[in-house]
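**Q** Okay, here's the prediction I keep looking at, along with the sequence it came from:
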Amino acid sequence: MAPEEVEALFTRSSGEYLFARWGRPIAPVVFGVEEATLQVVKGALEAVVALAGHQLAETDPELGSNLMVFFFREWKELTEVPHMEQLVPDLGPLVGRLEAADANQYRFFRFDKDGAIRAAFVFLRMDKELSKVPAETLALSQIVQTMLLWSDEAFRDRSPLAVAGDHTILRPDFAGLIKAAYDPVMPAMAQDPSHALRLSARVAMYAPD
């Protein structure tokens, strides 16, 4: 993966380069799905976290759960979840904007004092389009998009996933990028585009054959 490709994945539409990875073990909880789908989400999370060399935890000492994934039918359901407004700032206006845009997904991150990811909230409105996506594909896609703070335009033109036989897999170059991003010698947060050069140099080393 060339340096300019890596840089584009973490350069926001505003022109700002901003990279962040999780700075603490991930303690997940999933709402709104049956046991079968829950296991699919759990499997995707375990696989990507293991790939990154990161850690999962039963609980986060500060937040209890620091990765919350919500499945629902209508955005207004979020306003009915107890204490949700304490987790997501300006929840009411946000829900209004998402409804107006007819959005079917939204991710919100919180960061620690060093800029690393402290918590993430994933909201999936299961409209007709998302309901057509196989659970395995949807789960893997969302976990990949939550492991790093990608650009808001990162996956507009290409997906980090590929189909291999009957299964959806993480593309080798993106697998290598995630592993490189979690290399202990790399910073948990970066705002200088030169960071993309360092990531690119490690991708080939980490990418699966």
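**A** Yes, it's here.
**Q** Show me where the protein has its strands.
**A** 19-20, 28-31, 67-72, 105-111, 117-125, 161-164, 167-170, 189-190 (DSSP state E).
**Q** Could you export the ones you listed as CSV, including mean neighbour count?
**A** (C-beta placed from N, C-alpha, C; glycine too.) Shown next, in CSV, are the strands of the chain (neighbours: other Cβ atoms under 10 Å):
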stretch, mean neighbour count
strand 19-20, 24
strand 28-31, 16
strand 67-72, 21
strand 105-111, 16
strand 117-125, 21
strand 161-164, 12
strand 167-170, 18
strand 189-190, 18
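**Q** Could you pull out the buried residues of the lowest-mean-pLDDT helix or strand in the chain?
**A** Taking mean pLDDT, DSSP states H and E as the measure, the chain has helix 84-87 as its least confident helix or strand, at a mean of 86. Residues of helix 84-87 classed as buried by neighbour count (16 or more other Cβ atoms under 10 Å): residue 84.
**Q** and if you look at stretch 173-187?
**A** Applying 16+ other Cβ under 10 Å to stretch 173-187 flags 173-183, 187 as buried.
**Q** Check the offset of that stretch from the chain's centre.
**A** 14 Å (Cα atoms, centre = their mean, to the nearest Å).
**Q** Repeat that for stretch 149-159.
**A** On the basis of Cα atoms, centre = their mean, stretch 149-159 sits 11 Å off its chain's mean C-alpha point.
**Q** Great, nothing more from me.
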